[in-house]
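>>> Build me a structure from this.
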Amino acid sequence: MQENYRQLLTYAYNITGSYEDSQDLVQDVLEKYISLDKTEIRNEKNFLIKSTINHAINFKNRHIKKMVYGEWLPEPLSFDNAENKLIRDQTARYTLLVLLEKLTVKERAVYILKEAFDYSHHEISELLDISVENSRKLLSRATRHLQNIEYKPDHTNSSISHETLSQYQKALSEGSIPMLEELLLNEIRLSADGGQRVRVIKAVEVGKSATAALLAYVQQQFLNHKPFTFHRFNHQPAICFWRENQIYNCHILDVDRDGRIREIYSIVDPEKLKRLT
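Numbers count the residues shown, from 1 in each chain. Okay, the predicted model is just below:
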């Protein structure tokens, strides 16, 4: 049952983007399963997977409009602890989790089943109670939306990402707009999520000059002299700023193969940061 729990948690998290909610969803599925009459269940694993995916889809549909300060971002995961290490390989990159928010929930589920778990369209059709042809169409639509972002993590540029992270921290600490602009792509996009409790200056900023100016302002007003640590969350480099032994702000970076930053995800929602702490 523990092995089932970890696998089901991966399905739920990739669909909902919330680890805490996924734990509740999987726990609910397992508790209901324990009390079921199992005489008609021929394959326990498939039954639990189908139940979890449908439960996660229903949850996501109910919570499709999230009232937050800024732009809603997925809850980041660290794979340093033992439980999360076991779901690392099937968990989407952070950038992909963000892009998955643009899909319908059914498109998201089909894409995850195909790309993360290598399900055939026939298996997907049985799990989601759709036709094989519909499964193919949903995957095709999902792929068009996702800008050719690879599902599986790319470990080949981890040293480049770490170097960029170090340069990013240095530019921030000095409040240098020119140094920041050197690291950013022209079409850089910065998204900020304050959750339901923390107001953010701006939900989304786009463009190198505007983003660099906003980052320098945030550094001066809120992050100056705060201790920081480097991490990898959801297969991507991140820097966390601390206040009173709690993570105050986390920046997750999407870095290209040349070491330039194309996306910054700034999370200040304390509910999403507490697990990282």
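
>>> residue contacts, the closest residue to Q236 other than its chain neighbours?
The shortest distance from Q236 to any non-neighbouring residue, by CB to CB, 6 or more residues apart in numbering, is to Y94 (4.8 Å). No exception for glycine: its C-beta is placed from N, CA and C like everyone else's. If you count contacts by CB atoms under 8 Å, 6 or more residues apart in numbering, Y94 has them with 74, 76, 233-236, 252, 254, 265.

>>> Quick check: Y94 vs G195, distance?
Distance of Y94 to G195, computed by CB to CB, to the nearest Å: 17 Å.

>>> In this structure M179 contacts K170, no?
Yes: using CB atoms under 8 Å, M179 and K170 qualify as a contacting pair, with a distance of 7.2 Å.

>>> Let me see the ranges of the strands in this protein.
Counting by DSSP state E, the chain has strands at residues 69-70, 184-195, 204-206, 228-233, 236-243, 246-255, 261-267.

>>> Quick one: closest of those strands to E174.
If you check each of the strands of the chain against E174 by CB to CB, strand 228-233 wins as the nearest, at 13.5 Å.

>>> Name the residues of the closest one that are buried.
Using 16 or more other CB atoms under 10 Å as the test for burial, strand 228-233 gives 228, 231-233.

>>> can you count the residues close to L138?
When neighbours are counted by other CB atoms under 10 Å, L138 registers 23.

>>> Adjust the sequence numbering to begin at 484 for everything that follows.
OK, 484 is where the count begins now, so the last one is L621.

>>> What separation is there between the closest residue to it other than its chain neighbours and V615?
Closest residue to L621 apart from its sequence neighbours, by CB to CB, 6+ apart: V593 at 4.2 Å. V593 sits 11 Å away from V615, going by CB to CB.

>>> Tell me which of those two has more neighbours.
Under the criterion of other CB under 10 Å, the comparison of V593 against V615 puts V593 first, with 28 against 14.

>>> which residues touch L622?
590, 593-594, 597, 604.

>>> separation between it and V615?
Counting by CB to CB, the gap from L622 to V615 is 11 Å.

>>> what do these two both touch?
Common contacts of L622 and V615 (CB under 8 Å, 6+ apart): H604.

>>> Specify which member of the buried residues of strand 711-716 is nearest to T694.
Among the buried residues of strand 711-716, and counting by CB to CB, the member closest to T694 is F711, at 19.1 Å.

>>> distance of that closest one from L622?
For F711, the distance to L622 - CB to CB - is 40 Å.

>>> for this protein, which spans come out with low pLDDT?
For the chain, the stretches flagged by pLDDT under 70 are 484-485, 547-549, 565-569, 631, 634-639.

>>> Most remote residue from the middle of it, which is it?
Going by CA atoms, centre = their mean, the residue of the chain most distant from its centre is T522, 38.1 Å out.

>>> And it, how far from I570?
According to CB to CB, T522 stands 31 Å off from I570.

>>> Leaving out sequence neighbours, find the closest residue to A599.
In space, and not counting its chain neighbours, A599 is closest to Q573: 4.7 Å by CB to CB, 6+ apart.

>>> which residues does V593 contact?
Residues near V593 by CB under 8 Å, 6+ apart: 607, 611, 618, 621-622, 625.

>>> again, only this time at 6 Å
Applying CB atoms under 6 Å, 6 or more residues apart in numbering, one finds that V593 lies in contact with 607, 618, 621-622.

>>> And V738, by the same measure?
For V738, the contacting residues are 644, 647, 744, by CB under 6 Å, 6+ apart.

>>> Out of those residues, who's the most crowded?
The residue in the contacts of V738 with the most neighbours, by other CB under 10 Å, is I744 (25 neighbours).

>>> if I look at it, how far off is H708?
As judged by CB to CB, I744 and H708 stand 23 Å apart.

>>> For the longest helix seen in the chain, which residues meet the burial criterion?
Scanning the chain for the longest helix, with DSSP state H as the assignment, gives helix 527-545. For helix 527-545, the neighbour count (16+ other CB under 10 Å) marks 530-536, 538-540, 542-543 as buried.

>>> Repeat that for stretch 644-659.
Neighbour-count burial for stretch 644-659 flags 644, 647-648, 650-651, 654-655, 658-659 (criterion: 16+ other CB under 10 Å).
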